[in-house]
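Q: the sequence isn't on hand, but the structure is:
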């Protein structure tokens, strides 16, 4: 992980925003964005990885995050990563593919969320398998976009 003043600020916000949440198998949810951030190689992608679900899954808004002074590049990526339910999922993914920061974080997110070993054995059901298949398609779309530059 990269430790800068801004990544530390993002770490604290990530922890505070997600500290009471659990993932599908009951583990602290905050482990997920931390796992993604560990894979990133620069400040913008690290911050984006840490904050990628904050506006979507907590009471913290994109405006709140912008008010903390994060870069325009980070804010653009976070806006793309915050899924508006009115937008079909694959259209949302295609838009993410146009932004290199958002694309890198979303690929890591999808790969982690597709890892069925994170689930307990009794949670691997048709719904989990369908979700993994949907994520595989999203990964393919983003990897194609990555190949385009």
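A: Everything's here; your move. Predicted model only: the values in this text are computed from it and were never measured. Residues are numbered from 1 along each chain as shown.
Q: now residue 81: closest residue in space that isn't a chain neighbour?
A: Of all residues not flanking residue 81 in the chain, residue 52 sits nearest, at 4.8 Å (CB to CB, 6 or more residues apart in numbering). In short, each C-beta sits where N, CA and C put it, glycine included.
Q: actually, residue 83.
A: residue 92 (5.1 Å).
Q: now do the SS call for the one you found.
A: Residue 92 falls in the helix class when you classify it by DSSP: H, G, I helix; E, B strand; the rest coil.
Q: looking at it now. What's its pLDDT?
A: pLDDT for residue 92: 97.
Q: quick check, it in contact with residue 82.
A: No - judged on CB atoms under 8 Å, residue 92 makes no contact with residue 82 at a distance of 9.4 Å.
Q: residue most distant from the centroid, the protein?
A: Farthest-out residue of the chain from its mean C-alpha position, per CA atoms, centre = their mean: residue 122, at 25.3 Å.
Q: mind pulling up the pLDDT for that residue?
A: 82.
Q: how much space between it and residue 23?
A: 15 Å (CB to CB, to the nearest Å).
Q: kindly report the same for residue 38.
A: 16 Å.
Q: about what we covered before: which residues touch the residue nearest to residue 81?
A: 33, 36, 78, 81, 105, 106, 109 (CB atoms under 8 Å, 6 or more residues apart in numbering).
Q: now swap in residue 45 and tell me
A: Neighbouring residues of residue 45 by CB under 8 Å, 6+ apart: 101, 104, 105.
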